[in-house]
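A.B. asks: got a predicted model here, sequence first, then my questions.
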Amino acid sequence: MRYSQLLVPTIKETPAEAEVISHQLLLRAGYIRKLTSGLYTYLPLGLMALQKVAAIVREEMNRAGAQELLMPMVQPADLWQESGRWQKYGPELLRFKDRHGRDYCLGPTHEEVITDIARRELQSYRQLPTNLYQIQTKFRDEIRPRFGLMRGREFVMKDAYSFDADDKGASLSYEKMKEAYHRIFTRCGLSFRAVEADTGSIGGSYSHEFMVLADTGEDTLVICNDCDYAANVEKAAVVLPEADGSSEEKQPLARVETPGMKKVERVADFLGVSPRDIIKTMIFLVDGEPVAALVRGDRQVQEVKLKNLLHATEVEPMADDEVWKRTKLPVGYMGPVDIPIRLVADQEVMRMVNGVTGANEKGMHLTGVNPGRDFEPELVGDLRQITTEDGCPVCGGGLSLTEGIEVGHIFKLGTTYSKAMKATFQDRDGVEKPFVMGCYGIGVSRVVAAAIEQNHDENGIIFPLPLAPFQVIVLNLGVKDAAISRAAEQLYSDLQGRGVEVLLDDRDERPGSKFKDADLLGIPYRATVGKTFAKEGMIELRLRASGETIMLPFAEAGAGIAAMIEQELQKVQDV
RNA sequence: CGGGGCGUAGCGCAGCCUGGUUAGCGCGCCUGCCUUGGGAGCAGGAGGUCGCAGGUUCGAAUCCUGCCGCCCCGACCA
């Protein structure tokens, strides 16, 4: 491809709308353009990168025995009513009517449609296991789209669905996908971790997320320093050490005046205790009902854990004035003793002796508060966010926290959808049974953004070789010099002949602009044909990632570059 | 939806508070000259319903009201 024939509108200045680096660079390098909030056009280069990811995904899915199909993006409401998600899914599901007044939605995911396919087309255990996937544009009417390709409303996703006769088979299918995902992200040249995850709104029993490690990640992961354990903090179980049997004597409950002391730190300071001695009371709206959750004063409530403990579908923190309106409880002075709403507690709280809590009265706190004696929560469980002071739930080892970008998520669904939609097959024993399902997603467009978040510098993108739209860019620095131009053209066609994906910068631009653009685009190899060629007959090859420069005699350049690329690709190919 | 910010040329911004000539600047774009190894220089030029709709005023980019759009923080998630 010739640069002069390609639409690559690079921009020097960082667009004001872009906050994160991948978004800035995708815009600056001319990969994408925004249509409106959360909706992007992939320009030629952006589409090439996207298709690179898609090709790797496709190869590995096929290798794992999955079959590609393509389902409609528009889906009829009745399928969603069958699964129960027409009610449950919420406003993220974009709904509309056709000219006959029939209800439809834009597919945010395809469990319903694929289950419908399965129940029609798979009748016998002999046809199982089956794994079907597609690479397709999804639409989710996100509350707040942001960060360019990271969280668009429209995005490209690979979604696969497995159908098995029993749990054992489903586990096998799940493991196969897990392995395929490892291969996919390795082949993409990304640094990633698979972590245990919460199952969220898709439902199901067991799941892993694949996280690309990058500082700008929206998720926080805990990783064990000693064993293989890794989990999303939403999921990571806190394991308390053996109770030390503290023999501190229980004091009587006492009221103290704490005027103006609303924050944990201030109350602790004022009473001469540590935040660890305070029982923090947080009010959440759980499926529309206020619930008080207790954690130690120095801890954070993990909302996903709270949601799971209560088997709720929606949990959100209540604003201070809402708390007062709904419960007449004074924010800053709330406590579990005689609290008039539902009460749940973190396991750690139940071990506290002589704690300090609010008295549910403005300007008043209680001391000598003892769980069990002074209050009894309706539920006790693991409610708080894990910290690096906690031990690994598997081996007890030390933990580290890292930021990650979720690029893949795999679930064991069980029979949730097959039962709801009566999707059954006839088993060996002649009995009709529901399929045991799994679903497996990869945010294909998000992988492109994540790759950039992980690989860039002040000059632009540094694409991993397998994802780069072009492997090599040849710079003709003497467009008006016949000898240089001839050499650049020769190198270009030589590389093309060797199957190398090469872009020839044949624009009549000054060298500075060509260098800057080549860096910005993130093309891994840059071959410069210019002065050095005119003087010494040498081609200058620069590696984008390391900055290393290699001089190659013109006659050997094509073969040399092709060999380097081959070798580099081999590294991630043999996983 | 709650909280914060912003809409002026393709992009990045100034002007607005304190209303008043043809609304500026940098980048980009077009023409010519010159230049050619890290986003050169000179000269000339094109490009604007100042987000939209009302209102106040002799006069509105500027003041007021409403609406729309975009961005950031939270819930959501590939």
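C.D. replies: Noted; the coordinates are in hand.
A.B. asks: what pLDDT does A:R326 get?
C.D. replies: pLDDT recorded at A:R326 is 83.
A.B. asks: from A:L285, how far out is it?
C.D. replies: Between A:R326 and A:L285 the distance is 8 Å, computed by C-beta to C-beta, to the nearest Å. To be clear about C-beta, it is placed using only N, CA and C from the backbone, and glycine gets the same treatment.
A.B. asks: what of A:P72?
C.D. replies: Distance of A:P72 to A:L285, computed by C-beta to C-beta: 36 Å.
A.B. asks: how about the contacts made by A:L132?
C.D. replies: By C-beta atoms under 8 Å, 6 or more residues apart in numbering, A:L132 lies in contact with A:66-69, A:114, A:117, A:160-161, A:163.
A.B. asks: who's in contact with the spatially closest residue to A:V267 that is not a sequence neighbour?
C.D. replies: Counting by C-beta to C-beta, 6 or more residues apart in numbering, A:M261 is the residue found nearest to A:V267 once chain neighbours are left out, at 4.6 Å. Going by C-beta under 8 Å, 6+ apart, A:M261 touches A:267, A:270, A:332, A:363, A:365.
A.B. asks: ok, of those, which one's closest to RNA strand B?
C.D. replies: Comparing these against RNA strand B with C-beta to the nearest atom of the strand picks out A:G332 as the nearest, at 18.3 Å.
A.B. asks: and for the closest residue to the closest one other than its chain neighbours, the neighbour number?
C.D. replies: Spatial nearest neighbour of A:G332, chain neighbours left out: A:K262 (2.9 Å); criterion: C-beta to C-beta, 6+ apart. By the criterion of other C-beta atoms under 10 Å, A:K262 has 16 neighbours.
A.B. asks: ok so A:K262 is a strand residue?
C.D. replies: No - read with DSSP: H, G, I helix; E, B strand; the rest coil, A:K262 is coil and lies in no strand.
A.B. asks: ok, the nearest residue to A:F147 once chain neighbours are set aside to RNA strand B distance?
C.D. replies: In space, and not counting its chain neighbours, A:F147 is closest to A:V20: 4.7 Å by C-beta to C-beta, 6+ apart. Using C-beta to the nearest atom of the strand, to the nearest Å, A:V20 is found at 7 Å from RNA strand B.
A.B. asks: residues in contact with A:V20?
C.D. replies: Listed by C-beta under 8 Å, 6+ apart, the contact set of A:V20 reads A:147-148, A:150, A:216, A:453.
A.B. asks: export those to TSV and append columns for pLDDT.
C.D. replies: Shown next, in TSV, are those (pLDDT from 0 to 100):
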residue	pLDDT
A:F147	89
A:G148	92
A:M150	92
A:T216	82
A:E453	94
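A.B. asks: among these, name the ones in helices.
C.D. replies: A:E453 (DSSP state H).
A.B. asks: just name the closest of the contacts of A:V20 to A:F554, please.
C.D. replies: Within these, the smallest distance to A:F554 is 37.6 Å, found for A:E453 (C-beta to C-beta).
A.B. asks: and that closest one, what is it in contact with?
C.D. replies: By C-beta under 8 Å, 6+ apart, A:E453 lies in contact with A:20-22, A:150, A:212, A:214-217, A:405.
A.B. asks: in strands only, show me those.
C.D. replies: A:212, A:405 (DSSP state E).
A.B. asks: out of the contacts of A:M261, which is nearest to A:D382?
C.D. replies: For these, the residue nearest A:D382 by C-beta to C-beta is A:V267; the value is 25.1 Å.
A.B. asks: can you tell me what sits against the helix or strand hosting that closest one?
C.D. replies: Using DSSP states H and E, A:V267 sits in helix A:264-271. Residues from elsewhere that reach helix A:264-271 (C-beta under 8 Å, 6+ apart): A:256, A:258, A:260-261, A:274-275, A:277-278, A:280, A:297-298, A:356, A:365, A:367.
A.B. asks: mind doing that once more with 6 Å?
C.D. replies: By C-beta atoms under 6 Å, 6 or more residues apart in numbering, the list of residues contacting helix A:264-271 from outside reads A:258, A:261, A:274-275, A:278, A:280, A:297.
A.B. asks: which ones among those map onto strands?
C.D. replies: Using DSSP E, the members of the contacts of helix A:264-271 that fall in strands are A:K280.
A.B. asks: picking that back up, which of the contacts of A:L132 tops the neighbour count?
C.D. replies: A:Y161 (29 neighbours).
A.B. asks: that one against A:C439, yeah?
C.D. replies: Yes - with contact defined as C-beta atoms under 6 Å, A:Y161 and A:C439 form a contacting pair (5.2 Å).
A.B. asks: so who does A:V353 touch?
C.D. replies: By C-beta under 6 Å, 6+ apart, the residues touching A:V353 are A:E248.
A.B. asks: again, only this time at 10 Å
C.D. replies: By C-beta atoms under 10 Å, 6 or more residues apart in numbering, the contact set of A:V353 is A:246-251, A:277, A:368-371.
A.B. asks: could you measure the residue of the stretch 351-500 of chain A found nearest RNA strand B against A:V57, distance?
C.D. replies: Residue nearest to RNA strand B within the stretch 351-500 of chain A: A:G443 (2.6 Å; C-beta to the nearest atom of the strand). According to C-beta to C-beta, A:G443 and A:V57 sit 10 Å apart.
A.B. asks: swap in A:N455?
C.D. replies: Counting by C-beta to C-beta, the gap from A:N455 to A:V57 is 19 Å.
A.B. asks: who's more crowded, these two?
C.D. replies: Neighbours per residue, other C-beta under 10 Å: of A:N455 and A:V57, the larger number sits with A:V57, 24 against 20.
A.B. asks: for the residue lying closest to the more buried one once chain neighbours are set aside, name its beta-bridge partners.
C.D. replies: Nearest non-adjacent residue to A:V57, counting by C-beta to C-beta, 6+ apart: A:K158, 4.9 Å away. Going by DSSP bridges, A:K158 is paired in beta bridges with A:I135, A:I442.
A.B. asks: relative to A:I135, how far out is A:K158?
C.D. replies: 5 Å.
A.B. asks: for the nearest residue to A:I484 once chain neighbours are set aside, what are its contacts?
C.D. replies: Nearest residue to A:I484, sequence neighbours excluded (C-beta to C-beta, 6+ apart): A:G478, at 3.1 Å. Taking C-beta under 10 Å, 6+ apart, we find A:G478 in contact with A:484-488, A:511, A:529-531, A:533-534.
A.B. asks: same list (those) but as a markdown table, adding secondary structure and distance to RNA strand B.
C.D. replies: A markdown table is the format used below for the contacts of A:G478 (DSSP: H, G, I helix; E, B strand; the rest coil; distance: C-beta to the nearest atom of the strand, whole Å):
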| residue | secondary structure | distance to RNA strand B |
| --- | --- | --- |
| A:I484 | helix | 8 |
| A:S485 | helix | 12 |
| A:R486 | helix | 15 |
| A:A487 | helix | 11 |
| A:A488 | helix | 11 |
| A:P511 | helix | 3 |
| A:V529 | strand | 7 |
| A:G530 | coil | 3 |
| A:K531 | helix | 3 |
| A:F533 | helix | 6 |
| A:A534 | helix | 7 |
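A.B. asks: so how many other residues sit close to A:A482?
C.D. replies: Residues lying near A:A482 (other C-beta under 10 Å) number 8.
A.B. asks: try the one 5 residues further on
C.D. replies: Other residues near A:A487 number 22, with proximity taken as other C-beta under 10 Å.
A.B. asks: before we move on, what about A:N232?
C.D. replies: If we define neighbours as other C-beta under 10 Å, then A:N232 has 21 of them.
A.B. asks: again with A:V323
C.D. replies: For A:V323, the neighbour count with other C-beta under 10 Å is 22.
A.B. asks: for it, which non-adjacent residue is closest in space?
C.D. replies: A:I283 (4.9 Å).
A.B. asks: so the one you found sits against A:I341, correct?
C.D. replies: Yes - in terms of C-beta atoms under 10 Å, A:I283 counts as a neighbour of A:I341; the distance is 7.6 Å.
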